[in-house]
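Chemist: Dropping a prediction and its sequence here:
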Amino acid sequence: MPEREEVVRYERVGEHIAVVTLNRPQARNAINGDVARAIDTIRMQIEADPEIRVAILASSSADVFSAGADLREVSSSRAGASGLSTPNGGFAGFVKAERKKPWIAAVRGKALGGGFELVLACDMVVAGQSASFGLPEVKIGVLAAAGGAFRVAQILPRAIANELVSTGRSIDSAFALAHGLINRVVADDAVLDEAIRLASEIVKNAPISVRASLDIVRAATQLGEGELWKMTEAWAQRIIRTEDAKEGPRAFLEKRAPRWTGR
């Protein structure tokens, strides 16, 4: 694992927060096969660890979150672009993965192409003032096929999404915030701290309730209202039988912080 640990770093912050850091600054954090496999491995580790409740995807570079696919590796490899994907996670071992826990993207600098698609696959985004986002695939004759072409349209107004994918132009963090693409903008040197603060606010809450709520929000753009009602009712019936559903009201009445077990 030494090579993978070098290109993607993993650490825990406190008991319940994981920070996953892209670490190929010399290659503008471009995604190659090593990065994809490392993210895939770390993502599965996070999913399997009951103590981790929120994950943050960050970058070691102040200038570039990720420039997307490593085109040198794509052009030189027999596997081509498929070499940057994993069977369970898709591109970068991440964009197609089924994830139960919330992921926050902590973005400094440019998030372009596949780098932007990583951001779009996360649930929340904290961005620095220098951050910018773009899908420039049309400029080199390819497609934003790692979810970018449809996810950007699920978040932004259609006219703006159409302009982004057809011109390949980037937008800055202020524009992204104004149009609901990201959650907040802070100074560049405060991005990770702010993402950790947001994660800390989330981990104060019941983990199963957070998971259920995110599950429904994620499905909201794909399912009809009838299916969403069924999904909501199924989760509600499941949650009401959990220990956390008993602990929450008990802690409220006893005027203390709840002690969540995730059960």
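Modeler: Received, thanks.

Chemist: and Gly113, what does it touch?
Modeler: Counting by C-beta atoms under 8 Å, 6 or more residues apart in numbering, Gly113 makes contact with 67-69, 134-137, 144, 148. Every residue, glycine included, has its C-beta placed from N, CA and C.

Chemist: shouldn't Ala36 be in contact with Pro87?
Modeler: No. Applying C-beta atoms under 8 Å, one finds Ala36 not in contact with Pro87, separated by 10.8 Å.

Chemist: Just want to know which of those two has more residues nearby.
Modeler: Neighbours were counted for Ala36 and for Pro87 using other C-beta atoms under 10 Å; Ala36 has more, 26 against 8.

Chemist: check which helix or strand covers the more buried one.
Modeler: Here Ala36 is covered by helix 33-48, with elements defined by DSSP states H and E.

Chemist: which helices and strands sit right next to that helix?
Modeler: helix 2-7, strand 8-13, strand 17-22, strand 85-86 (3 or more C-beta pairs under 8 Å, 6 or more residues apart in numbering; DSSP states H and E).

Chemist: Nearest to Gly224, out of those?
Modeler: Proximity to Gly224 (C-beta to C-beta) singles out strand 85-86 among these, at 30.3 Å.

Chemist: Residues in contact with that closest one: which ones?
Modeler: 36-37, 40, 91-93.

Chemist: Please apply the same query to stretch 8-25.
Modeler: Residues outside stretch 8-25 that contact it (C-beta under 8 Å, 6+ apart) are 6-7, 29-30, 32, 35, 38-39, 42-43, 45-46, 49, 51-61, 64-66, 192, 196, 199-200, 203.
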